[in-house]
Structures are given as structure tokens and as C-alpha cells.
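Enquirer: A predicted structure for the sequence below; I have some questions about it.
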Amino acid sequence: MATNDLWAGIGSALAFLITLTTMAMNQSRIKLLINKISAYLNPYIQITIPEYGAESFKRSDFFVAIEAYLSNLCHQDGRVRKLKAELESDMQKPQVSVDDDQEIVDTFKGATLWWYADTELPKTTVITYRAGDEKRRFYRVAFHKRFHKHIVNDYLPYVIKNGRDVIAKNRQHRLFTNNASSQWSSYNREKSLWSHVEFRHPAKFDMLAMDPAKKDEIKDDLNAFKMGKDYYAKVGKAWKRGYLLFGPPGTGKSMMIAAMANFMDYDIYDMELTAVKNNTELRKLFIETKGKSIIVLEDIDCSVDLTGKRTDKKKARKKSGDQSDMATMRQKEDEKKDDEDSKLTLSGVLNFIDGLWSACGEERIIIFTTNYKDKLDEALIRPGRMDMHIEMSYCRYEAFKVLAHNYLDISEYQFFELFGEIHRLLDQVDMSPADVAEHLIRTEKKDAGACLQVLIQDLKILKAKKNSAADCHPQDPISIVVPDLNPTVLPDLNPTVINIFEVARDSTLES
Ligand SMILES: Nc1ncnc2c1ncn2[C@@H]1O[C@H](COP(=O)(O)OP(=O)(O)OP(=O)(O)O)[C@@H](O)[C@H]1O
């Protein structure tokens, strides 16, 4: 009897379990069915983008890009009423984004999209370090299923690109400089190779005193580069561009780099080559640079011995005649040691510009500057290696007009005669834009007219000096006749002009 009762009990328990399982299965089947019917009837598709990826504590790049894109969108016509603002440490201004439960409508090539942000509690327990972090935000976008492919293939990449551009624009730009390898640490490799400060240089292309046509050409080139991701991919080239800036001191090479960085919204990596021991270090530094940046190698002619001596050495060894196997092995070992220990070599720098390593990362500009283009090795500047050679030259009239406008807020129509005279003089003598700019700094005692007068006097002195230097005999004492020198401006003579007397005298003696 007891056994029967036991079996009956087990039987009813099993029956109960089976009933429960069947109900659950039916429920999930019913759910699936409902989903299918609603998907059939509802022509709209939703995509959800969570703030955090499944495996990371870091906000998803996709989410951050959407946030930036939508914040930019809602600025355009005030289409959203509830916004929120956040200021991160590396931002120039607060980022305003759409608050939760707000809908924002976007259109793309005929498709209408409805975005909204919301929060949800995670399904699993989350360990957080900030109160309120347990809620996870997400963006959801809905659109007609007719546009499915179009949205996934074209619209979402478009949102990411635009969002990233907005972030780059809003981000505080940084100026990096490389640390000596003795300070590198394996613990925090990325941070120990480069140190940075905020980059707040106000330079803009408008402020640069140079031929306006040349300025436009450079801006067009930069724009084409910025938009050229697909083009570079199509032709199989790394997405990078090289510029060589050359010209005498004070002609604005550094200012041009700052203007380029501001124009492109890029960071600057100022590579101090004297702190780089060898090619291996150069490569390590290069790998740690990020995209959307300008890498600058200033005064490339003075920084390192880039004369390709090492190659000559190898050639010399080869020339030295037949060698035994032992000698060849020793030579190979020597060369290997040379590679490791040697200073930076031309081949190392060339590899840096266009070797395989240079293709790591993308959207990078490399700029070389020099005061003496002629001193550079042909290999370094041959066409194709540096994509554009930009000459920064002495101040001529067009450049002077830009400086006069920037420094004194005047134009040629206000000081017609003085401008005319300066025009004539600048055609005849070389003065750097930095020197001209020094003359145009207004003081309490010196108004715009007085600034121009002093500049004219100094240009005349330069001209007279140039003429007498051309005429005089090496042994002659230097005597200069400056026509029309206005004695009232003599006390204001620029010290650089006086230096130029000495330089001109020395060069005459040498010649
Ligand atoms: N072309 C220019 N347009 C406007 N300002 C200029 C120009 N060139 C020089 N200046 C002024 O002179 C200052 C010094 O110029 P800058 O350092 O850019 O010259 P550089 O060519 O880099 O000189 P160096 O070869 O000695 O490094 C600039 O900060 C700027 O005020």
C-alpha cells in the first residue's frame, strides 16, 4: 500500500512538472508567434546601441559617437527641448546631449529615423564605483524596414564619422613631446614615451602672412586629405601626407604648423630627434602616436646626421675586396650592432616616412622643417616622399598687407602713400615676416602711422646696407648712406637691423 502511494506521489509530481514545462514551452511559442505577427504587421525596425559593450568597463565608441552626432543635430534647429550638458577634462566646451525620453528625428537620403535615449537596469549585477552608475543608458533608433540595408551600410557609418568629427572639434588639442628613452617605463608604455600639454595656439590661416593663392592651395590640399580616406584605401596607399616647410628663420614655419593643426583639429607630436638614440626608438615613438595628428620633425638638417653615412660604410666594406666566410660573418655582426647602436640614420627616417611602419594607424600628417633645403639629402625630399614642398619666404607686399591688417587693423586705402613706399622697399630687400611683425606692434607712443614710418626707415637702412655691401671692397670699412633718414625715428631703430649690418659686413669679408 505504502509503495503504491509512493509511486502515485511520484507520478503526480512528474505530471505536474510536465504540465509546467508544456505551459512554459507554449508561452515561449506564443511569445515567438506574437513577435512574428507583430514583425509582419509592424513595418518598423529598431536598433539599440548600449553605452557599454558586453565585455568592457569603457563606454562604447559607437555610443559616444552617436551622442556627439545627436548633440550636434539638436543644436541645429532647437528640435529638442530637454538637453543635458557634461564637461569632460579634455573638452574645450561642455558637450550638450539629448536627455532621456526625448525623441529626435533625423532624415537620411529619403529615410526618416527616430532616435531616443533611455536607461535600463542591467540584467546581471553590476559593480559600480559611482552612485547612479548601475543604470545603463542606450540609444535606440527606429526606421522603416524598407531602408534596413541602407541604414546599416550607409547611415550608421555616416553617423560614426560625423560624431567623431564633432568630438575631435570639441576636444582640447594636445601638444606632445617625446621623452628620453631612459624615462620610458614598461608599466605605462603609452604615457611614458610622450608627455603632453594642452595646445592653445591661436594661429589661423587668415593670420599667416604669405601669398593668398599659396595659402588656398595648402588649405585645399589639407581638405582633400581629410576627406580622402576612401581614396587612399582605393589606391592602396597609407592615409598620411608629408609636407616639407622650408625657409629662413622667422618666416612662419612654426606658425604654419599651428595653423594647420587648428584647421584640421589635430594634435601635434613634436618629435625631438636629438632625444632619439636610434631607428628602433624612432619606430617605437612613431607607433605610439595616435591618428588625427601632425608629427613634426623640426630643423631636420641640424637634428641628426642624415647623410646616409652608414650605407657608405657598408659599400666601402663591400669594395674592400673578397672576403672569407669568417670575415663576412663578422661583418654581418658588426652591421647588426651598428643598426642597434647607431645614431638615427637616413634609412631609419625614410622608413619612418614611407616604410611599412608608417602605415600603422591612419590620418597622420608628417612635417619636416628646415632653414636650408639645399642641405637635405636628395632621398629625403625627392618627389613622392614629401607630398608638398612649402616655401616660407621673406615678407613681400601681399604678406605685409596681412600683417598690417592683423597687427594694426589698417588697410592700404588708409595709408596709401606709406603702403606704396613699403611695397617698393619690400620688393628690393629681404625682411622676415617676424621682423616686420615686430615693427607693427602698436604702443602708447607709437600709432599705426609711426609704426609704418619706423618700418620704412629700417627697410631703407637694409637697402642701403645691401647696396654698399655689394659695392664695397673686402678691406673697406663699412660706410652706409641712408637716403631720407628721418632723425626723429632713429632712436626706434630695430636692433635686428643693427645686427644685419654686422652680418652683411662679415659676409662681404668672406666673399
Ligand atoms: N608668415 C608669417 N605670418 C604671420 N606672422 C609671422 C609669420 N612669420 C613669422 N611670424 C611671426 O613671427 C613669429 C616667429 O615665427 P616662427 O617661429 O613661426 O618662424 P619660423 O620660420 O618657425 O622660425 P625658425 O626657423 O627660427 O623656427 C611668429 O610667432 C609670428 O608672430
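Expert: Structure received.

Enquirer: which parts of this structure sit against the ligand?
Expert: Within the chain, the positions near the ligand by Cβ under 6 Å from any ligand atom are 207-210, 249-255, 371, 392, 433-434, 437. Heads up, the C-betas are built off the backbone N, CA and C, glycines and all.

Enquirer: neighbours around Gly384, how many?
Expert: Per other Cβ atoms under 10 Å, the neighbour tally for Gly384 reads 7.

Enquirer: now swap in Arg140 and tell me
Expert: Arg140, neighbours per other Cβ under 10 Å, totals 14.

Enquirer: is it part of a helix or strand, or is it coil?
Expert: Look at Arg140: counting by DSSP: H, G, I helix; E, B strand; the rest coil, its state is strand.

Enquirer: buried set for stretch 155-164?
Expert: Judged by neighbour count (16 or more other Cβ atoms under 10 Å), stretch 155-164 contains these buried residues: Tyr155, Leu156, Val159, Ile160, Asn162, Gly163, Arg164.

Enquirer: now the residues you listed as TSV including secondary structure and pLDDT?
Expert: Formatted as TSV, those follow (DSSP: H, G, I helix; E, B strand; the rest coil; pLDDT from 0 to 100):
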residue	secondary structure	pLDDT
Tyr155	helix	94
Leu156	helix	93
Val159	helix	93
Ile160	helix	91
Asn162	helix	90
Gly163	helix	89
Arg164	helix	85
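
Enquirer: can I get the buried ones among the residues of the chain next to the ligand as something I can paste into ChimeraX?
Expert: To isolate the buried ones among the residues of the chain next to the ligand in ChimeraX, judged by 16+ other Cβ under 10 Å, type:
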select :207,208,209,210,250,251,252,253,254,255,371,392,433,434,437
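
Enquirer: how about the residues of the chain next to the ligand, which pair is most distant?
Expert: Spanning the widest gap among the residues of the chain next to the ligand are Met207 and Asn371, at 21.7 Å by Cβ to Cβ.

Enquirer: does Cys451 touch Ala437 like I think?
Expert: No: at 10.6 Å, Cys451 does not count as touching Ala437 under the criterion of Cβ atoms under 8 Å.

Enquirer: give me the common contacts of those two.
Expert: Shared contacts of Cys451 and Ala437 (Cβ atoms under 8 Å, 6 or more residues apart in numbering): Tyr407.

Enquirer: in contact with the residue nearest to Asp409 when sequence neighbours are not counted: list those residues for me.
Expert: Closest residue to Asp409 apart from its sequence neighbours, by Cβ to Cβ, 6 or more residues apart in numbering: Ala448 at 8.0 Å. For Ala448, the contact set (Cβ under 8 Å, 6+ apart) comprises Leu408, Asp409, Ile410, Gln414, Phe415, Arg442.

Enquirer: give me the buried entries from those.
Expert: Neighbour-count burial (16+ other Cβ under 10 Å) is assigned, among those, to Leu408, Ile410, Phe415.

Enquirer: including pLDDT, could those residues go into TSV?
Expert: Formatted as TSV, the entries for these read as follows, by pLDDT from 0 to 100:
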residue	pLDDT
Leu408	92
Ile410	91
Phe415	89
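
Enquirer: could I get these as CSV with secondary structure?
Expert: Listed next are the buried ones among the contacts of Ala448 as CSV, based on three-state DSSP:
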residue, secondary structure
Leu408, helix
Ile410, coil
Phe415, coil
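
Enquirer: looking at those, which is nearest Phe352?
Expert: Leu408 (42.8 Å).

Enquirer: the nearest residue to the closest one once chain neighbours are set aside and the ligand: what is the separation?
Expert: Once flanking residues are discounted, Leu408 sits nearest to Ala448: 4.4 Å by Cβ to Cβ, 6+ apart. Distance of Ala448 to the ligand, computed by Cβ to the nearest ligand atom, to the nearest Å: 17 Å.

Enquirer: before we move on, what about Gln414?
Expert: Using Cβ to the nearest ligand atom, we find Gln414 at a distance of 20 Å from the ligand.

Enquirer: which single residue of this protein ends up nearest the ligand?
Expert: Closest to the ligand within the chain is Gly252: 2.8 Å, counting by Cβ to the nearest ligand atom.

Enquirer: and that residue, what pLDDT?
Expert: pLDDT, Gly252: 94.

Enquirer: and if you look at Pro202?
Expert: Value for Pro202, per-residue pLDDT: 90.

Enquirer: how about Arg330?
Expert: 62.

Enquirer: which parts of the stretch 351-500 of the chain are strands?
Expert: Secondary structure of the stretch 351-500 of the chain (DSSP state E, counting those that start in this stretch): strands located at 364-370, 388-391.

Enquirer: export these as CSV, with columns for mean neighbour count, mean pLDDT and distance to Arg59.
Expert: Listed next are those as CSV, based on neighbours: other Cβ atoms under 10 Å; pLDDT from 0 to 100; distance: least, Cβ to Cβ, whole Å:
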stretch, mean neighbour count, mean pLDDT, distance to Arg59
strand 364-370, 24, 91, 25
strand 388-391, 16, 92, 38
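
Enquirer: as TSV, these with distance to Thr107 would be great.
Expert: Shown next, in TSV, are the strands of the stretch 351-500 of the chain (distance: least, Cβ to Cβ, whole Å):
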stretch	distance to Thr107
strand 364-370	34
strand 388-391	38
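
Enquirer: rewinding a little: quick check: the residue of the chain closest to the ligand touching Phe205?
Expert: No: under the criterion of Cβ under 8 Å, Gly252 makes no contact with Phe205, lying 11.0 Å away.

Enquirer: what about Met227, how many neighbours?
Expert: So Met227, with other Cβ under 10 Å, has 9 neighbours.

Enquirer: check Phe16 too.
Expert: Phe16 has 10 nearby residues by other Cβ under 10 Å.

Enquirer: send me stretch 36-50 as PDB with only the CA atoms.
Expert: Extracted in PDB, the C-alpha atoms of stretch 36-50 (Å, rounded to 0.1, in the frame of the first residue of the first chain):
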ATOM      1  CA  LYS A  36       6.400  37.100 -35.700                       C
ATOM      2  CA  ILE A  37       2.900  38.600 -36.200                       C
ATOM      3  CA  SER A  38       3.900  42.000 -34.900                       C
ATOM      4  CA  ALA A  39       7.100  42.000 -37.100                       C
ATOM      5  CA  TYR A  40       4.800  41.200 -40.000                       C
ATOM      6  CA  LEU A  41       2.300  43.900 -39.200                       C
ATOM      7  CA  ASN A  42       4.800  46.400 -37.800                       C
ATOM      8  CA  PRO A  43       6.900  47.700 -40.700                       C
ATOM      9  CA  TYR A  44       9.500  49.400 -38.400                       C
ATOM     10  CA  ILE A  45      12.800  48.100 -37.200                       C
ATOM     11  CA  GLN A  46      14.700  49.200 -34.100                       C
ATOM     12  CA  ILE A  47      18.400  49.100 -33.400                       C
ATOM     13  CA  THR A  48      19.600  49.500 -29.800                       C
ATOM     14  CA  ILE A  49      23.100  50.800 -29.100                       C
ATOM     15  CA  PRO A  50      24.100  50.200 -25.400                       C
END
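
Enquirer: how about it: buried residues?
Expert: Buried residues in stretch 36-50 (16+ other Cβ under 10 Å): Ile45, Ile49, Pro50.

Enquirer: can you name the residues that contact Met264?
Expert: Leu222, Lys226, Lys292, Ile294, Ile365.

Enquirer: isn't there a helix covering the first one?
Expert: Yes: per three-state DSSP, Leu222 lies within a helix segment.
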